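Engineer: give me a 3D structure for the following:
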Amino acid sequence: MKQLLISSGNINRTIIIDHIKYVLGSNTMNKYYLKQAVRQYFNKTVSGYREEIGSECYFKIGDSPVDKKNTFFYEVTENYSINDDAKLSTKSIMLKYLETLYSDVNYMDTLNTLNILVESLSDEVSENAFVQSVFSTYSPKLLTKLVTAHYYEDESYKDEYDLSYEDLIILQLNMINYIAVNSKKYAYIILFIDIPLITDEIKSKIDELSKDRVYCLVFSKTVKDTEIENICVEEDYFLDFANEEMVYYILNEKSTNLYTLEDIKNMINEYLKDLKSREHVSLINNLMSYYKK
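Structural biologist: Got it, this is the predicted structure:
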């Protein structure tokens, strides 16, 4: 287990994480500040206001600040646009996926052959020209600047309007996982998964994400089939269920009862069950329950 230390002017959190942490709870404001603190940390620009008041933001893994230059930060959302991402801007996940793909050792012989041919063309042209020309060496990064990217499936080009909700989320997760497994470019990969619904298939894909250098915060209303130490909750209090001592201290301080650790684990499990049951409440039955004769 590692500790993520996230701090800004609005929030200060220590999250104990192995690989994936589900952030539950109805405190939308604190969840927002948590996300904004991490976004601010990775943002390259500093506003004049923050500079003037000396506002700082911290993000550490253990005791070490996260190296921004060698860390890939990405947010998985249902608003992902294949059309926009295919433009291969600097923040494009598709760009990073293609660069990793082109760096595969299986393509190196072909890439070297291409460079030999380009060098030969350069020599040929230069023999009969007043202006000498030297072509750039083709690298995986250069190749990404020469391609037109499309998402291709079932013998057709598709965009976000052709994919289901699940498929759009899973496409992002598949590209991230490929980068995590095949690229050593990044010291860490920090993920936000901020989506309204985690289906069984999406949950399975999240669980399959590489554990090597990947830390993932999943913002959700409920979660199932997850160990309680992989859950924290933002309500009027922040509780990280991996921090048994903190949970034990807070609950016993606020109660006239004396809870054991076993009691607290049972209480947490019942709380999580209740969250799940609320997710499947029938609107009609719920409305009818308010009828007074």
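
Engineer: and the most centrally placed residue in the chain, what are its bridge partners?
Structural biologist: Centroid check for the chain by C-alpha atoms, centre = their mean gives residue 191 as the closest residue, at 1.9 Å. Using DSSP bridges, the bridge partners assigned to residue 191 are residue 74, residue 216.

Engineer: contact partners for it?
Structural biologist: Shown in contact with residue 191 (C-beta atoms under 8 Å, 6 or more residues apart in numbering): 73-76, 176, 209, 214-217. For glycine as for every other residue, the C-beta is placed from the backbone atoms N, C-alpha and C.

Engineer: confidence score at it?
Structural biologist: Listed pLDDT for residue 191 reads 95.

Engineer: residue 139: neighbour count?
Structural biologist: Using other C-beta atoms under 10 Å, residue 139 has 14 neighbouring residues.

Engineer: from residue 14, how far off is it?
Structural biologist: 41 Å (C-beta to C-beta, to the nearest Å).

Engineer: now do the buried residues in stretch 122-136.
Structural biologist: The neighbour-count check on stretch 122-136 (16 or more other C-beta atoms under 10 Å) flags nothing as buried.

Engineer: residues contacting it, please?
Structural biologist: 118-119, 121, 142.

Engineer: just stretch 103-113 next, same as before
Structural biologist: 102, 138-140, 143, 182-183.

Engineer: again, only this time at 6 Å
Structural biologist: residue 140 (C-beta atoms under 6 Å, 6 or more residues apart in numbering).

Engineer: measure that stretch end to end?
Structural biologist: 15 Å (C-alpha to C-alpha, to the nearest Å).

Engineer: point out where the stretch 51-200 of the chain drops to low pLDDT.
Structural biologist: Residue ranges of the stretch 51-200 of the chain with pLDDT under 70: 51-52, 54.

Engineer: mind doing that once more with 80?
Structural biologist: The stretch 51-200 of the chain contains residues with pLDDT under 80 at 51-55, 126, 128-135.

Engineer: and the helices in it?
Structural biologist: Secondary structure of the stretch 51-200 of the chain (DSSP state H, counting those that start in this stretch): helices at 82-85, 93-102, 108-127, 140-144, 165-182, 200-208.

Engineer: for the ones you listed, which one sits closest to residue 2?
Structural biologist: Residue 2 sits nearest to helix 165-182 of all the helices of the stretch 51-200 of the chain, at 16.2 Å, using C-beta to C-beta.

Engineer: chain center to that closest one: distance?
Structural biologist: In terms of C-alpha atoms, centre = their mean, to the nearest Å, the centre of helix 165-182 is found 10 Å from the chain centre.

Engineer: ok, residues contacting that helix?
Structural biologist: Applying C-beta under 6 Å, 6+ apart, the external contacts of helix 165-182 come out as 76, 80, 93, 96-97, 100, 160, 189, 195, 199, 201-202, 205, 209-210, 214.

Engineer: may I see the buried residues of that helix?
Structural biologist: For helix 165-182, using 16+ other C-beta under 10 Å, the buried residues are 168-173, 175-177, 179-180.

Engineer: could you pull out the strands for the stretch 151-293 of the chain?
Structural biologist: Applying DSSP state E, counting those that start in this stretch to the stretch 151-293 of the chain gives strands spanning 151-153, 156-158, 188-194, 214-219, 231-234, 238-240.

Engineer: need these in TSV (columns: distance to residue 225).
Structural biologist: Converted to TSV, the strands of the stretch 151-293 of the chain look like this (distance: least, C-beta to C-beta, whole Å):
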stretch	distance to residue 225
strand 151-153	29
strand 156-158	31
strand 188-194	16
strand 214-219	13
strand 231-234	12
strand 238-240	19
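
Engineer: list the contacts of the nearest residue to residue 31 once chain neighbours are set aside.
Structural biologist: Excluding the flanking residues, the one nearest residue 31 by C-beta to C-beta, 6 or more residues apart in numbering is residue 234, at 5.4 Å. With C-beta under 6 Å, 6+ apart as the criterion, the residues that contact residue 234 are 25, 27, 30-31.

Engineer: same deal with residue 55?
Structural biologist: Neighbours of residue 55 in contact, by C-beta under 6 Å, 6+ apart: residue 9.

Engineer: how close does it get to residue 15?
Structural biologist: For residue 55, the distance to residue 15 - C-beta to C-beta - is 21 Å.

Engineer: one step back: mind putting the helices of the stretch 51-200 of the chain in CSV, distance to residue 257 included?
Structural biologist: Output for those, formatted as CSV (distance: least, C-beta to C-beta, whole Å):
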stretch, distance to residue 257
helix 82-85, 53
helix 93-102, 49
helix 108-127, 65
helix 140-144, 60
helix 165-182, 42
helix 200-208, 34
